[in-house]
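Trainee: Provided below for reference: sequence and predicted model.
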Amino acid sequence: MIAGDVSICHVRNNAPLQNWTIASVLRYHTETSFLTLHGGNLYQLFKRFPVRYNIGAYGTNNGPSIPVVYDYGNADTTRDLYASNSRNEFRPGFITFSVFNNERAAMAICSGVKPTGCNTEHYCIGGGGHFPEAARQCGDFTSFDWDGYGTHSGCSSSREMTEAAVLLFYR
């Protein structure tokens, strides 16, 4: 499928399909046709910016960072849903693809943010399969619960963010 942009919807788990709009934690989309510059879809984008351990480093080899337009929520809401210790490491209002953390682990998407720090495991999702910092880092939400599940303190995101499904749609 060829597309120009994406829409992202963070939806509370177990929300019935007909309630996704009202059950959203955040909803936003891109309007820059950025995919046309990267092969027309996420498959091609990730071929150009692979998500694999140790093939890049923090601040280099990253994929594109695209501004978003909010349909529900805003930059302040986005910032507040993530861990308090991480808020000085990103700029809300973007979606960023294929980034690396301090330990050279790869994250697929920084949903709603543009990283400016090196601890992307606390606010980016998906990954390249190996996270060398700690055995407890795994899954799509690698370290969203570093200081306790849903505690929304230290390096732990809010329960709303941790428990939301992240839906990606082509536009």
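Mentor: Looks like it came in fine.

Trainee: what ranges do the helices span in this protein?
Mentor: 42-48, 75-81, 159-162 (DSSP state H).

Trainee: who's in contact with the last one?
Mentor: Right, the one you point to is helix 159-162. Contacting residues not belonging to helix 159-162 are listed as 10, 12, 25, 81, 82, 141, 144, 145, 149, 150, 152, 156 [C-beta atoms under 8 Å, 6 or more residues apart in numbering]. The way it works is simple: take the backbone N, C-alpha and C, and place the C-beta from them, glycine included.

Trainee: 10 Å - rerun?
Mentor: Taking contacts as C-beta atoms under 10 Å, 6 or more residues apart in numbering, the residues outside helix 159-162 that touch it are 10, 12-13, 25-26, 77-78, 80-83, 111-112, 123, 125, 141, 144-145, 149-152, 156.

Trainee: Mind checking which of these are buried?
Mentor: Listed as buried from those are 10, 12, 25-26, 78, 80-83, 111-112, 123, 125, 141, 144-145, 151-152, 156; burial here means 16 or more other C-beta atoms under 10 Å.

Trainee: which regions of this protein sit below the pLDDT cut-off?
Mentor: Low-confidence segments of the chain (pLDDT under 70): 128-144.
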